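Engineer: predicted coordinates and the sequence they were generated for:
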Amino acid sequence: MLVAAAVCPCPPLLVPEVAAGAAPELDAARAACAVALGVLAAARPDLLVVVGPADGTGSASYPQGTAGSFRGFGVDLGVRLGASPDRTGDTADARPDSEAGRDLPPALAVGAWLLGRAGWTHAPVEGLGVPEPLAAERCIQEGRDLAARAERVALLVMGDASACRTLKAPGYLDERAAPFDAEVARALEAADTAALRALDPVLAGELQVSGRAPWQVLAGAAENSPFTGALLYEDAPYGVGYLVATWSRP
């Protein structure tokens, strides 16, 4: 049963070493993420699952200890699910033998970094990567399955809103982006699972939204249960929508 969820953005720029001189620009987002993780800890989960966008055609699970790194972004910094960031960059021994050769996708690596930064020790941690084109009903079913994994399940849901908010945004300016992001922000603040289920995968793809599938996994995990939502952060630095929210049981 889902007992709490935190929604966080997943740009590698959240990691100060990756952002370098621009790191202070996301200090408020990092602070909001820290507050959101506190809500997860307070829920006393038996299992925490980090859900985020990933490449591929099907979802992929990552057990605790799976390694990731930010080398692809020019920083020799390693992370792993359920451990503090490894600033030596050596994550070779962090991945279970059964998962050799499969590192965390970037979004889950950011989630692992957030957990390590917070010193997460409250429950076992697993990861789920969901491909961005995954159909809404498949996402909903993934969420239902996650909620049934343990008596008290918490989700850390990683994903960005549109990347088309300004002329300099990765996807250039699209007038549909701001209304889309505003509706997502409203749905997260209201813990509105129906609104998240109704998000259009085609429109989300055109707006380069990475969070659509993870948010719909959350909707499936939370369906038919009452939650109280809180929107902790909403901004669009670099023309990309970043949202931080929490869902907890009243």
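Structural biologist: That came in fine, so what should we check first? Residues are numbered from 1 along each chain as shown.
Engineer: rest of the way, CA atoms for contacts and neighbours
Structural biologist: OK.
Engineer: how much space separates the most centrally placed residue in the chain from Arg176?
Structural biologist: The chain has Met158 as the residue nearest its centroid, 0.7 Å off, counting by Cα atoms, centre = their mean. Using Cα to Cα, to the nearest Å, we find Met158 at a distance of 22 Å from Arg176.
Engineer: Ser61 pairs with what?
Structural biologist: Beta-bridge partners recorded for Ser61 (DSSP bridges): Leu128.
Engineer: number of nearby residues for it?
Structural biologist: The local packing of Ser61 (other Cα atoms under 10 Å) involves 16 other residues.
Engineer: then the one 4 residues further on?
Structural biologist: By other Cα under 10 Å, the residues close to Gly65 number 22.
Engineer: now do Thr121
Structural biologist: 12.
Engineer: one more: Ala42?
Structural biologist: Using other Cα under 10 Å: Ala42 sits among 11 other residues.
Engineer: and the longest helix along the chain, how far out from the chain middle?
Structural biologist: The longest helix of the chain (DSSP state H) is helix 27-42. Distance of helix 27-42 from the chain centroid (Cα atoms, centre = their mean, to the nearest Å) equals 12 Å.
Engineer: show me the strands in this structure, by range?
Structural biologist: Using DSSP state E, the strands assigned to the chain run over residues 2-8, 47-54, 60-62, 67-69, 78-80, 125-131, 153-158, 228-235, 242-248.
Engineer: let's have those strands in JSON lines, adding mean pLDDT.
Structural biologist: As requested, the strands of the chain are arranged in JSON lines below (pLDDT from 0 to 100):
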{"stretch": "strand 2-8", "mean pLDDT": "98"}
{"stretch": "strand 47-54", "mean pLDDT": "98"}
{"stretch": "strand 60-62", "mean pLDDT": "96"}
{"stretch": "strand 67-69", "mean pLDDT": "96"}
{"stretch": "strand 78-80", "mean pLDDT": "95"}
{"stretch": "strand 125-131", "mean pLDDT": "97"}
{"stretch": "strand 153-158", "mean pLDDT": "98"}
{"stretch": "strand 228-235", "mean pLDDT": "98"}
{"stretch": "strand 242-248", "mean pLDDT": "98"}
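Engineer: compare those strands and give me the one nearest Thr166.
Structural biologist: Across the strands of the chain, Thr166 has its closest neighbour in strand 228-235 (12.2 Å, Cα to Cα).
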